[in-house]
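Student: Sequence first, predicted coordinates after that:
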Amino acid sequence: MEFTLSTVALARTPFREKFGIPRQAGLVPVRGRIDMLPPWDQPEALNGLEQVSHIWLDFIFHQNPSKPEQLSVRPPRLGGNRRLGVFATRASFRPNRLGASLVKLEAVCVEAGNVHLEVSGIDLLDGTPIVDIKPYLPYADRIDDAVNAIAPAAPVPTLAVDWQAQALLACRACLQELGYVGGLSGDGLCEIEQQVMQLVALDPRPAYKQSSCGTYAMSVFGLNVRWVMQTPTQASISDVSLA
Ligand code: SAH
C-alpha cells in the first residue's frame, strides 16, 4: 500500500544546517515556531491545544534522500562504528523519512485569524515539513520503568566552553543588528549566548573527529559561530558574524 502525506505546518527554527542541531529534542531549550498551513491554520484545528504542555511533531526528514536503502545504521551516539537495525534507532535515514519530536508547547498564537505555535526544545532544521501534531499524553506516553539499553540516558555535554572576549562583543553586535531583545542573566549572557554555549558543549562533531583539535563552525540564530578546540575537551568560541 502506498500513502500520500501532505504538509500541515512548517517548522521555523534557528537551525539553517544540520551540523550543530542537538541529536534529540529537549536537549537545549531552543525556541521555534510552527507555522500552520491552510486549511490547518484555522483556530478550530487547534482548539483545546492550549491545555497541553508538550506536543509530538511528526515530520519528514526532508533534507535526506527519499529512498534510503540501508537496513542498518551507525548511530553517532555509539561513536559511529557500531551498526544497529534502522528500527532499533531514531536515525534520520529511514524508510519514509518520518521523524517524531517531543517539544514543549510555549504558546498557541492567533494572528490575523491564523494560528502558529511557539515551541521550545526543538531539534529540526528550519523549513522542516510537519505532517501531524499530537498532544503528549502523560498517562500513556510516560513510562517510568522504560529501558533503552542502547542510549540509557541523555547525552551529557562533553565539552567545556568559553567565549573569547572579542567573540562575545561580536555576538552582542550581531544580535543587536538582528533586533534581538533579551535581558542578561546572572552570568552576564543573554539566552541566545547561553544556548550557543550549550549547543557547542554537546559536541556536534562526528565521533571520529572528537579527538582532534581545529576550528569548527555552525550557522544558528542567524549567526555564524566559530569555535576552536583548545584541547580535546575544551572549546573556545572565537568568532561570531552574521550568517
Ligand atoms: N526527534 C526526532 C529527530 C532525531 S534525529 C526523532 O527521533 O525522530 C535529529 C537530527 O535530525 C538532527 O540532529 C538533525 O541533524 C537532523 N534533522 C533535523 N531536521 C532534519 C530535516 N528536516 N531533514 C534531515 N535531517 C534533519
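Tutor: Arrived safely, thanks for sending. Residues are numbered from 1 along each chain as shown.

Student: interface residues of the protein facing the ligand?
Tutor: 18, 21, 23-25, 61-64, 90, 92, 99-101, 123-125, 128 (C-beta under 6 Å from any ligand atom). The way it works is simple: take the backbone N, C-alpha and C, and place the C-beta from them, glycine included.

Student: In ChimeraX, select just the buried ones from these.
Tutor: Here is the ChimeraX command that selects only those of the residues of the chain next to the ligand that count as buried (16 or more other C-beta atoms under 10 Å):
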select :21,23,24,25,61,90,99,101,123,124,125,128
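
Student: Among the residues of the chain next to the ligand, which lie within strands?
Tutor: 99-101 (DSSP state E).

Student: Now tabulate these in a markdown table and tack on pLDDT.
Tutor: As requested, those are exported to a markdown table (pLDDT from 0 to 100):
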| residue | pLDDT |
| --- | --- |
| 99 | 98 |
| 100 | 98 |
| 101 | 98 |
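
Student: For the helix ranked longest in the chain, the averaged confidence score.
Tutor: Assignment by DSSP state H gives helix 165-177 as the longest helix of the chain. Here helix 165-177 scores 97 as its mean pLDDT.

Student: same question, stretch 121-131
Tutor: 98.

Student: Alpha carbons of that stretch, as PDB, please.
Tutor: Output of stretch 121-131 as PDB, limited to C-alpha atoms (Å, rounded to 0.1, in the frame of the first residue of the first chain):
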ATOM      1  CA  GLY A 121      13.400  22.200  22.800                       C
ATOM      2  CA  ILE A 122      13.300  21.700  19.000                       C
ATOM      3  CA  ASP A 123      15.700  19.600  17.000                       C
ATOM      4  CA  LEU A 124      14.500  20.400  13.500                       C
ATOM      5  CA  LEU A 125      16.000  22.200  10.500                       C
ATOM      6  CA  ASP A 126      14.400  25.400   9.500                       C
ATOM      7  CA  GLY A 127      11.700  24.700   6.900                       C
ATOM      8  CA  THR A 128      11.000  21.100   8.100                       C
ATOM      9  CA  PRO A 129       7.600  19.900   6.900                       C
ATOM     10  CA  ILE A 130       5.300  18.800   9.700                       C
ATOM     11  CA  VAL A 131       2.800  16.200   8.700                       C
END
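
Student: Residues contacting it, please?
Tutor: Here stretch 121-131 makes contact (C-beta atoms under 8 Å, 6 or more residues apart in numbering) with 5-18, 21-32, 34, 57-63, 98-99, 101-104.

Student: Could you rerun that using 6 Å?
Tutor: By C-beta atoms under 6 Å, 6 or more residues apart in numbering, the residues outside stretch 121-131 that reach it are 5, 7-9, 11, 13, 15-16, 21-22, 24-26, 29-30, 32, 57-60, 62, 101, 103-104.

Student: phi, psi of residue 191?
Tutor: The phi and psi values for residue 191, taken as degrees, to the nearest 10, are phi -60, psi -40.

Student: For it, give me its contacts.
Tutor: Neighbour list for residue 191: residue 182 [criterion: C-beta under 6 Å, 6+ apart].

Student: Let me know the pLDDT of it.
Tutor: For residue 191, the model assigns a pLDDT of 96.

Student: For the chain, which segments count as strands?
Tutor: For the chain, the strands defined by DSSP E cover 9-12, 31-36, 54-60, 72-73, 84-85, 98-111, 114-120, 129-135, 160-163, 214-220, 223-231, 234-242.

Student: pLDDT (mean, whole number) over the third one?
Tutor: Throughout strand 54-60, pLDDT has a mean value of 98.

Student: That strand to strand 98-111, inter-axis angle?
Tutor: Relative orientation of strand 54-60 versus strand 98-111 (axes from the mean of the first three to the mean of the last three C-alpha atoms, to 10 degrees): 120 degrees.

Student: Show me what strand 54-60 is packed up against.
Tutor: If you count contacts as 3 or more C-beta pairs under 6 Å, 6 or more residues apart in numbering; DSSP states H and E, strand 54-60 packs onto strand 98-111, strand 129-135.
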